[in-house]
Structures are given as C-alpha cells and as structure tokens.
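Enquirer: Sharing a model that was predicted from the sequence below.
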Amino acid sequence: MGDRMSTAESASRGSRARAVQDWLARRADTSVGRLSLQWFRAYFAASHNSACAVTIYSVLSVFPAVLVFLAYVHPSGSSTNVFAQHLIDHLNLNGSTAGLVQDVFGSASSNKLAATAATAVSFLLWGIGIGQIYQDVYSRALGIKVGSMADQGLFAIFFFVLSGGVALAVIASSEFHSTGWLFLIPAWIVGSTVFWLWVPRFLLHRTIGLRALLPGALLASVLLGGTAATSPLFLAAPLNSNGKTFGAFGVVVTIIGYAFVMLTMSLACAVFSPVWAEWRKSEKERASVAEQA
C-alpha cells in the first residue's frame, strides 16, 4: 500500500511539473514571451556579471562624488546633507533610522576639502572603470568593437557627467517633492532619455545612430524612474528594520542593495535596443510566413 501511495504522489508531482512546463512553453511562444526570452539571453551574453562590478565601483566613487557635488551646490553650512534629507523625506524615515541616514550621508558638507580629496582618490581608483564597463556591455550587445587607451578620457568625462546627473536628479526631486510630481515626471522622462541616448552614443564614438538607441533609452527612463518613484513601497521597511537591527552598517548595506538593483536594470536596458530591433524583424518574418501558409 505504501508503494502504491508513493507511486501516486510521484505521478502527481510529475503531472504538476509537466503542467508548469507546458504553461511556461505557451507563455514563451507568444510575442511578448519571445521578446522576454531574447532579452534575457542577450543580457547574460553581454553583461558578464558587470552589475556586481559597476555597483562596487559606483558605491566607492559615484556616491562620494554626488555628496561632494551636493555639498558645493548647497553651501549652507548645515551638517545635514541634501542627499540624506532626500532619503529621509522620500522614504518617510523617522526616529533612529533617520538619524543613522544623516550620520552616514550627511557629513560631506561639514568638511568639503577632505570630501573633495577623497572623491579625487576614489575617482582615480574606481571611477574610470565605470565607463569602461558600460562601453563593454554596449559594444557586446551591439556586436561592435571599440576601445583603446585614449578612451580613458571618455571614461573620466562619463564619470563626472554621471555623478552630476545623479546629484541634479536628487536636487530636482527634493525641490519638487512638495509641489507635486506633474512637472517632475515629464522632466525626468526627457532628461533621462537624453542621458541614456548620450551614454552609448558617447562611449561608442557615435558609431550607432540615435534612432537605433531610442528603445533602450526610453525603457531605462521608465524602469529606473518607476523604481525610484515606488521605492518607498519596498525600500522603507527593510531600511528601517536593518537600521534598527544593525545600525549604520544595515543602512549602508540596504542602500547598496538598492543601487545594485538600479544599476542591473540600467545594464539590462543597455542591451534592449538591438534585441528590440531583432525581435521586430523576426516577428514580421513570422507574420509573413503565417500569411503565406
């Protein structure tokens, strides 16, 4: 009897597994499913685990640069940095977690000279590598070869534009947080799309046209902007919890995890434009074959 029950349970599990496989197969054999699968494959073929590297480099170089930019843009002498206050307001943090955020991110304005020197060192050690990572991902996704020692200057410019763009986004979000999002949303879409069109155009020496890069730039604007706008729904709770449990270390680790998610999405969007073009071509061919049949 026990053998019969074991056989029945195995058959039931096998049936459920086949049902799941059939469901996935049906979903993958749709227009959106084929696009998703092609995008998934293209990302892993082009990224080479670049999200981990770019997150580490950004935390060690872009974050300090953004804090320094904000400290100089807002030279009020206050010990509370604009970035820290933006996190507190946007995520509705309070109590001990708000104090930890101020302690972790709010000290750059109190010693601008030391913060500037630290940013210069971090830029030389890690900042230049960020542009190279993005250049490699874009070039592998688009199937072109670029890059030389002369590109170190491009990577330096990219680092400062990226840091300045993040600082500008923080300032704009802080300024318009109280007046509403009706102006901020179209401004973000336009500004972000221009930035993500400029990045591959600049790093790839203008070898790819803007029209071909537009799908990835639009997708990056929507995904990154939507994630940032809805971050209070999923980031505030773990930030408060980790801050209370682990102190400043918990706050920093949570912010790094959030940065990893955002940077991974930016790299995924970097490979989307050629996937979109190939998908549209294959779908037209599929439709043509279906009509002839």
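Expert: Ah, there it is. Numbers count the residues shown, from 1 in each chain.

Enquirer: show me what contacts the residue nearest to G164 when sequence neighbours are not counted?
Expert: Leaving aside its sequence neighbours, G164 sits nearest to F69 (Cβ to Cβ, 6 or more residues apart in numbering; 6.1 Å). All C-beta atoms are positioned from the backbone trio N, CA, C, and that covers glycine. F69 is in contact with S163, G164, A167, counting by Cβ atoms under 8 Å, 6 or more residues apart in numbering.

Enquirer: Next one, pLDDT for the second one please.
Expert: At G164, the pLDDT value in this model is 89.

Enquirer: those helices in the stretch 101-250 of the chain, which residues are they?
Expert: Remark: helices of the stretch 101-250 of the chain, listed N- to C-terminal, are 112-122, 128-142, 152-176, 184-203, 210-234, 236-246, 248-270; assignment by DSSP state H, counting those that start in this stretch.

Enquirer: which of those has the lowest average pLDDT?
Expert: Out of these, helix 112-122 stands lowest, with a mean of 71 (criterion: mean pLDDT).

Enquirer: just the CA coordinates of stretch 214-233, formatted as PDB?
Expert: Extracted as PDB, the C-alpha positions of stretch 214-233 are listed here (Å, rounded to 0.1, in the frame of the first residue of the first chain):
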ATOM      1  CA  LEU A 214      16.000  55.100 -28.500                       C
ATOM      2  CA  PRO A 215      14.100  51.900 -27.300                       C
ATOM      3  CA  GLY A 216      16.700  51.200 -24.700                       C
ATOM      4  CA  ALA A 217      16.900  54.800 -23.500                       C
ATOM      5  CA  LEU A 218      13.100  55.000 -23.200                       C
ATOM      6  CA  LEU A 219      12.900  51.700 -21.300                       C
ATOM      7  CA  ALA A 220      15.700  52.900 -18.900                       C
ATOM      8  CA  SER A 221      13.800  56.100 -18.200                       C
ATOM      9  CA  VAL A 222      10.600  54.300 -17.400                       C
ATOM     10  CA  LEU A 223      12.100  51.400 -15.400                       C
ATOM     11  CA  LEU A 224      14.500  53.500 -13.400                       C
ATOM     12  CA  GLY A 225      12.100  56.300 -12.800                       C
ATOM     13  CA  GLY A 226       9.300  54.000 -11.900                       C
ATOM     14  CA  THR A 227      11.500  52.100  -9.400                       C
ATOM     15  CA  ALA A 228      12.700  55.300  -7.800                       C
ATOM     16  CA  ALA A 229       9.200  56.700  -7.500                       C
ATOM     17  CA  THR A 230       7.800  53.500  -5.900                       C
ATOM     18  CA  SER A 231      10.900  52.800  -3.700                       C
ATOM     19  CA  PRO A 232       9.000  53.900  -0.500                       C
ATOM     20  CA  LEU A 233       6.800  50.800  -1.000                       C
END
